[in-house]
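Peer 1: what follows is a predicted protein model with its sequence.
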Amino acid sequence: MKILFSFILFFIGYVGIAQKERKGMPIPSKLQLQWHNMEFYLFVHFGPNTFTNKEWGLGTEPENVFNPSQLDCRQWCKIAKAAGAKGIIITAKHHDGFCLWPSKYSTHTIRESKWKNGQGDVLKELSLACKEYGLKFGIYISPWDRNHPAYGTSNYNDVFVGMLKELLQNYAPVWELWWDGANGELANGKKQTYDWNKFIATVNTVSPNTLIFSDVGPDIRWVGNENGIASTTNWNLLDTVGFTPGIGAPLADTLFQGNKNGKNWIPAECDVSIRPGWFYHANEDAQVKTASQLFNLYLKSVGRGANLLLNVPPAGNGLISPIDSLSLIEFNRLIQKNFSNNLLKHAMQVDKIRTSKSADRKTELGSIFILKQPTNLNCLVLREDIAKGQLIENASIILSNQGVELKRIDITTIGHKRIITFPAMDVSEVSVVITSAKAKPHLGTVEGYLLAEDLIEK
């Protein structure tokens, strides 16, 4: 067969696979591997801003402004489940300092509001609902606090630590803790110096199974934008020495791509809102992202080895809008429909191995998938066995029909999952060739699909 012969020649001419040992190369922890497999979950921005029509509150809003008349966290979870999301992360305290739980470290909480006569607890209701629906529960807490009188003093770091302990102990298990690095100056000129090491040590001591997100992890990093898009070259590795969350973070381009030879396993999470804003605003009801737009974001986030954190803000009544929920449910339907039939499932796989002369072991270079008959494809899904590290630097995909090459696609990183789309064509052979790697590469499964053409950006 012509394609097989040309494939063998390609290997004979190849000399670029690195023969380094993996010793010392970062690998994900067990918790991080579980995080990679979650792929998609929801963000919930909810608080005083929901009722004042703001994005960033001033911290001076009266507590009574928070009064959701029909709050139903079970509704949130039911919609999340129908959307295919695996968890929910809620803004327990945004920059305005208002706490969605009755914290003993603040007087700006739901305890001081008229909602449920001060007896309510949004975090308790949501954490219980998540358990009922089999969803992971996560918490966003802003270090910046525009209300707390201790902000701008060394005492505030102790206040923040106290809040962390409340959250991690009273609403356990907390799967992901989300920190942004916002650090604004108050009207009185006060600005806080955050004790990040103390914060991290508190989390690791009180709740060691909680993953921490920030610009620089230590467990999950920001992708460098709020568009929900990861880089086509996306390393799960990052160097963090000398960096901190917020103003002390690496450049956005570095967060976007990661560091090829980074010392720490800190994968990217892509945050984006289903609406233009992060909190609910009625005047944005006509601007909710469509199911096809969400599908495209999925291809550019999960399909590039990152996870997708999609913000879906409840309205002032405490419920997710029907407009948002319909888009989410249709999005999941598109995912299920388009990725249900793996067209390479019964293909014959021919693995090609090149034996290293410098080491008594073998290096996998790639595979050919031979179909019984020409099959119409426009999408491939590749996975790397990241439990052994992220090692593949470059790869080539060769699409052929009866030995005639139709298209060649060169890519860089693969990671947890890489989704490649191309114009639909009849294919009888799919070759995946690893052209360079940091050490012995471990290519996982390769799948083929025919997606609806209108879902693929031209």
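Peer 2: Done, it's in.

Peer 1: isn't there a helix covering residue 33?
Peer 2: Yes - the assignment for residue 33 (DSSP: H, G, I helix; E, B strand; the rest coil) places it in a helix.

Peer 1: ok, it touching residue 389?
Peer 2: No - with contact defined as CB atoms under 8 Å, residue 33 does not reach residue 389; the gap is 11.7 Å. All C-beta atoms are positioned from the backbone trio N, CA, C, and that covers glycine.

Peer 1: more neighbours, those two?
Peer 2: residue 389 (21 against 14; other CB atoms under 10 Å).

Peer 1: from memory that one sits against residue 437, does it?
Peer 2: No - applying CB under 8 Å, one finds residue 389 not in contact with residue 437, separated by 10.2 Å.

Peer 1: what's the helix or strand where residue 204 lies packed up against?
Peer 2: Element membership of residue 204 [criterion: DSSP states H and E] is helix 196-206. If you count contacts as 3 or more CB pairs under 8 Å, 6 or more residues apart in numbering; DSSP states H and E, helix 196-206 packs onto helix 154-170.

Peer 1: give the partner strands of whatever helix or strand comes next after the helix it packs on in its sheet and their orientations.
Peer 2: Going down the chain from helix 154-170, the next helix or strand is strand 176-178, by DSSP H and E. Using DSSP bridges, strand 176-178 pairs in its sheet with strand 136-141 (parallel), strand 211-214 (parallel).

Peer 1: tell me if I'm right that residue 203 and residue 209 touch.
Peer 2: No - in this structure residue 203 lies outside contact range of residue 209 using CB under 8 Å: 10.1 Å.

Peer 1: more neighbours: the two, which one.
Peer 2: The neighbour comparison of residue 203 against residue 209 (other CB under 10 Å) goes to residue 203, with 22 against 12.

Peer 1: who's in contact with the more buried one?
Peer 2: Contacts here follow CB atoms under 8 Å, 6 or more residues apart in numbering; on that basis residue 203 touches 164, 168, 177, 210, 212.

Peer 1: ok, residue 124 next?
Peer 2: Going by CB under 8 Å, 6+ apart, residue 124 touches 101, 170, 171.

Peer 1: in JSON lines: the residues you listed, plus distance to residue 49 and neighbour count.
Peer 2: What follows is these, written out as JSON lines (distance: CB to CB, whole Å; neighbours: other CB atoms under 10 Å):
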{"residue": "101", "distance to residue 49": "17", "neighbour count": "22"}
{"residue": "170", "distance to residue 49": "24", "neighbour count": "15"}
{"residue": "171", "distance to residue 49": "22", "neighbour count": "21"}
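
Peer 1: dump these to CSV, plus pLDDT.
Peer 2: Compiled in CSV, these are given as follows (pLDDT from 0 to 100):
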residue, pLDDT
101, 98
170, 98
171, 98
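
Peer 1: that older thread, as a markdown table, the strands paired with strand 176-178 with mean pLDDT would be great.
Peer 2: Output for those, formatted as a markdown table (pLDDT from 0 to 100):
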| stretch | mean pLDDT |
| --- | --- |
| strand 136-141 | 98 |
| strand 211-214 | 98 |
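
Peer 1: can you put those in JSON lines and add distance to residue 309 and mean neighbour count?
Peer 2: Below are the strands paired with strand 176-178 laid out as JSON lines (distance: least, CB to CB, whole Å; neighbours: other CB atoms under 10 Å):
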{"stretch": "strand 136-141", "distance to residue 309": "9", "mean neighbour count": "23"}
{"stretch": "strand 211-214", "distance to residue 309": "9", "mean neighbour count": "24"}
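
Peer 1: quick one, which of those strands is nearest to residue 95?
Peer 2: Closest to residue 95 of the strands paired with strand 176-178 is strand 136-141 (CB to CB; 10.7 Å).

Peer 1: quick one: that closest one to helix 196-206, angle?
Peer 2: 150 degrees (axes from the mean of the first three to the mean of the last three CA atoms, to 10 degrees).

Peer 1: how much does strand 136-141 deviate in direction from helix 154-170?
Peer 2: Going by the same axes, to 10 degrees, strand 136-141 makes 170 degrees with helix 154-170.

Peer 1: change the start of the numbering to 47 and stick with it
Peer 2: Sure thing, new numbering starts at 47, so read that last one as strand 182-187.

Peer 1: what's next to strand 182-187, contact-wise?
Peer 2: Strand 182-187 has contacts (CB under 8 Å, 6+ apart) with 84, 87, 89, 132-140, 169, 172-173, 176-177, 209-210, 213, 217, 219-226.
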